[in-house]
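> Here is my input, please return the structure:
(2 chains)
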2 protein chains.
Amino acid sequence: VGELDLIRWIRSRIPGRRAGVIVDSGDDAALVRVGRERVLFKTDSVIDGVHFDSRTARPEEIGHKALARPLSDLAAMGGVPTFGVVALLCPRTAREPWLKRIMTGMERTARAFDTAIVGGDLKSHPGKLAIAVALLGRVAGRPFRRSGARPGDAIGVTGALGGSILGKHLRFTPRIREARLLGRTLSIHSMIDISDGLATDLAHLCEESGVGAILEEADLPLSAAARRLSRRDGQSPLHHALSDGEDYELLFTVPARERSRLRHPIGRIDREPGIRLRRADGRVEPLRIRGWEHRFER
Amino acid sequence: VGELDLIRWIRSRIPGRRAGVIVDSGDDAALVRVGRERVLFKTDSVIDGVHFDSRTARPEEIGHKALARPLSDLAAMGGVPTFGVVALLCPRTAREPWLKRIMTGMERTARAFDTAIVGGDLKSHPGKLAIAVALLGRVAGRPFRRSGARPGDAIGVTGALGGSILGKHLRFTPRIREARLLGRTLSIHSMIDISDGLATDLAHLCEESGVGAILEEADLPLSAAARRLSRRDGQSPLHHALSDGEDYELLFTVPARERSRLRHPIGRIDREPGIRLRRADGRVEPLRIRGWEHRFER
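Sure, this is the predicted structure:
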């Protein structure tokens, strides 16, 4: 089954404008109207063998990741989490101490982000561990969207990229606080979290905004992990920074005049569709985007 | 792993009273405060081989059931659904037409209950199909609780019981409208939906209320399916009505004076803990409760 095709099909069947839906599922989280309030609403799931490997991941890290992923989506909307519910699909052979450590990891992260887990659903089954988390959140003022990037915007990221497979994908900090700070100090035009890789997620943002982008090789913040992985697999650190998934940093755009205030300015938004990379030697080349999916296949 | 033990452990770690939590996970759904509004929040999941059998169930029925189960939980709180998000864990071998028919079944039910599906998460994995749904809802006035039953209350149900395995478990109608109607015409003291079986769910309700109950054999509405199943397996229709899970009817209590207005009065709440059954011949015997879990094990 082609996941993206099916997602498009599902999306195409959702009426574009429905009473109470302010932002629909096309963004990092939905924003809906509840009486006089607006509520961010998001679900995400992680599966053993796909998003973590239960043979090597610490159980606390598994619980953390299951919650931190949708937290990162709320961050990308400029939101703050409030409540969560958790559906736990447990292998029938799972041992209780292991499951408790998973829940302890999740609780710790919930506390760190002031999120109250108010409901759960625990089912045992013959398959592997899967955890689906649904989160509610609030957003003060205007939510950040994928669709607001404008030609000339400077592009920024919240941290160094690449090589998250070496550990960060299990231990990253969702950028809730950073997004709020950015919103207070800059004129955010658009934002997305980097879960599928810089190149892919920038392509998503550009597509939603009807624009293109040029990235500057010289400006891309390469993580130490990207360099370590490069020494191991022979791919360049740049390749890892562009292609690796699960960095969970925020990617955003601001007006050109605010570029100098970005910690990591990495390029600019362009009228011409597509993503291009200006190499260190000045050559500009189109970036071939490869989607990122399923890392830990056994 | 002992599911109930783990659920108790998780619950024991959730602080009893948290800011904004009006009803916690101990009831059919959580009720939380969002600004000036109150929101019902619930998650539930279904798994192939546990809650349905993908070899025999129509795909539309699978989609229906995944959504109708948490709808039934909102009904038991006297709530009305508003928004939902869906996490779909697909077997890698799943065919797209089959998945589309599942989603079509879910959409149809969503429309029938005015629920907007505003977000989704689709992952393919090596295991079987699992669907986790999270729902938001509203409740006008006081939510129905499991904990409100009082000695002397009459006990009612919204429909005939037993034998849902023969088909109703895939096709039931969540009692959203019935619950609202009951709330307008009667003084509902307590309510729960019957997912684990009448005896087990009545025990839950009694435990939360600190009471016991006596059921009247002569008054229990036995479904045609309970009789059919009885002819097949030799267990009595009564046994099926008491023990079978997944009827998704509502079980509720009202003051004794309203007993005559119940369509299916089936017993009364008692000060003495435990569930008892008054047989047709007048004998009263304690009911041995057996929990219900996992029906379609392969």
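> With just CA atoms, put stretch A:111-128 into CSV.
What follows is stretch A:111-128, C-alpha atoms only, in CSV (Å, rounded to 0.1, in the frame of the first residue of the first chain):
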residue,chain,number,x,y,z
ARG,A,111,5.5,16.3,33.6
ALA,A,112,8.3,18.2,32.0
PHE,A,113,5.8,19.7,29.5
ASP,A,114,2.9,20.2,31.9
THR,A,115,0.8,17.6,30.1
ALA,A,116,-1.8,15.7,32.1
ILE,A,117,-2.3,12.1,30.8
VAL,A,118,-6.1,11.8,31.5
GLY,A,119,-6.9,8.5,29.8
GLY,A,120,-5.5,5.3,28.6
ASP,A,121,-6.3,2.2,26.8
LEU,A,122,-4.3,-1.0,27.3
LYS,A,123,-4.7,-4.0,25.0
SER,A,124,-2.5,-7.0,24.7
HIS,A,125,-2.2,-8.7,21.3
PRO,A,126,0.0,-11.2,19.5
GLY,A,127,2.0,-8.5,17.7
LYS,A,128,4.7,-6.0,18.8
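> Find the residue ranges of chain A scoring beneath the pLDDT cut-off.
Low-confidence segments of chain A (pLDDT under 70): A:1-5, A:14-17, A:289-298.
> all strands of chain A, in order?
A:21-23, A:30-34, A:37-47, A:80-91, A:116-125, A:130-138, A:154-157, A:190-193, A:212-216, A:250-254, A:265-270, A:274-278, A:284-286 (DSSP state E).
> Could you check the second one and say which residues are buried?
Across strand A:30-34, burial judged by 16 or more other C-beta atoms under 10 Å in any protein chain shown covers A:30-32, A:34. Where C-beta positions appear, they are placed from N, C-alpha and C, glycine not excepted.
> One more: the third one?
Within strand A:37-47, the residues that qualify as buried by neighbour count (16+ other C-beta under 10 Å) are A:38-47.
> quick one: contacts for the closest residue to A:Leu229 other than its chain neighbours?
With sequence-adjacent residues excluded and distances taken as C-beta to C-beta, 6 or more residues apart in numbering or on different chains, A:Leu229 is closest to A:Gly163, at 4.2 Å. The neighbours of A:Gly163, taking C-beta atoms under 8 Å, 6 or more residues apart in numbering or on different chains as the test, are A:223-230, A:237, A:240, A:244.
> ok, 6 Å please
Taking C-beta atoms under 6 Å, 6 or more residues apart in numbering or on different chains, we find A:Gly163 in contact with A:223, A:225-226, A:229, A:240.
> Next, the contact list for the closest residue to A:Asp73 other than its chain neighbours, please.
Closest residue to A:Asp73 apart from its sequence neighbours, by C-beta to C-beta, 6+ apart: A:Asp28 at 4.2 Å. Applying C-beta under 6 Å, 6+ apart, one finds that A:Asp28 lies in contact with A:73, A:76-77.
> Mind checking which of those residues land in helices?
A:73, A:76 (DSSP state H).
> picking up where we left off before, could you export the contacts of A:Gly163 as a markdown table, including neighbour count?
A markdown table is the format used below for those (neighbours: other C-beta atoms under 10 Å in any protein chain shown):
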| residue | neighbour count |
| --- | --- |
| A:Ser223 | 22 |
| A:Ala225 | 23 |
| A:Ala226 | 27 |
| A:Leu229 | 21 |
| A:His240 | 27 |
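> and which of those is nearest A:Arg276?
Using C-beta to C-beta, A:His240 is the member of the contacts of A:Gly163 that lies nearest A:Arg276, at 19.1 Å.
> ok, back up a step: restrict the buried residues of strand A:30-34 to those near chain B?
A:30, A:32, A:34 (C-beta under 6 Å from any C-beta of the partner chain).
> of all those residues, which comes closest to chain B?
For these, the closest approach to chain B (C-beta to the nearest C-beta) belongs to A:Ala30, at 3.8 Å.
> Nearest residue to that closest one in space, please, no chain neighbours.
Per C-beta to C-beta, 6+ apart, closest to A:Ala30 is B:Val118, 3.8 Å.
> does the one you found really touch B:Gly84, like I thought?
No: taking contacts as C-beta atoms under 6 Å, B:Val118 lies outside contact range of B:Gly84: 7.1 Å.
> From B:Thr56, how far out is A:Gly141?
51 Å (C-beta to C-beta, to the nearest Å).
> neighbour count winner among these two?
Using other C-beta atoms under 10 Å in any protein chain shown as the criterion, A:Gly141 and B:Thr56 rank with B:Thr56 on top: 9 against 6.
> Next, the contact list for the more buried one, please.
Counted by C-beta under 6 Å, 6+ apart, B:Thr56 has zero contacts.
> Roughly how far does it sit from chain A?
17 Å (C-beta to the nearest C-beta, to the nearest Å).
> What about A:Arg55, how many residues nearby?
9.
> same check, this time on the one 3 residues further on
Around A:Arg58 there are 14 other residues, counting by other C-beta under 10 Å.
> likewise the one 4 residues further on?
Number of residues near A:Ile62 (other C-beta under 10 Å) recorded here: 25.
> ditto for A:Glu178
Neighbour number of A:Glu178 under other C-beta under 10 Å is 17.
> same question, A:Ala224
12.
> check contacts around it.
Counting by C-beta under 6 Å, 6+ apart, A:Ala224 has no contacts.
> now swap in the one 3 residues further on and tell me
A:Arg227 makes contact with A:Pro237 under the criterion C-beta under 6 Å, 6+ apart.
> That one and A:Ser164, how far apart?
If you go by C-beta to C-beta, the gap between A:Arg227 and A:Ser164 works out to 13 Å.
> Run through the bridge partners of A:Asp270.
A:Gly212 (DSSP bridges).
> burial count for it?
A:Asp270 has 18 nearby residues by other C-beta under 10 Å.
> Touching stretch A:179-188 from outside, list them.
A:75, A:78, A:144, A:250, A:252, A:254-255, A:258.
> of those, closest to A:Ile102?
A:Ala75 (22.5 Å).
> roughly how far apart are the closest one and A:Phe113?
Distance from A:Ala75 to A:Phe113, by C-beta to C-beta: 10 Å.
> One more: A:Gly167?
On the measure of C-beta to C-beta, A:Gly167 and A:Phe113 end up 21 Å apart.
> and what of A:Leu161?
23 Å.
> Look at these two and report which has more neighbours.
Neighbour totals were compared for A:Leu161 and A:Phe113, and A:Leu161 leads with 29 against 21 (other C-beta under 10 Å).
> give me every residue that touches the residue lying closest to that one once chain neighbours are set aside.
Once flanking residues are discounted, A:Leu161 sits nearest to A:Ala241: 4.1 Å by C-beta to C-beta, 6+ apart. By C-beta under 6 Å, 6+ apart, the contact list for A:Ala241 reads A:161-162, A:220, A:222, A:226.
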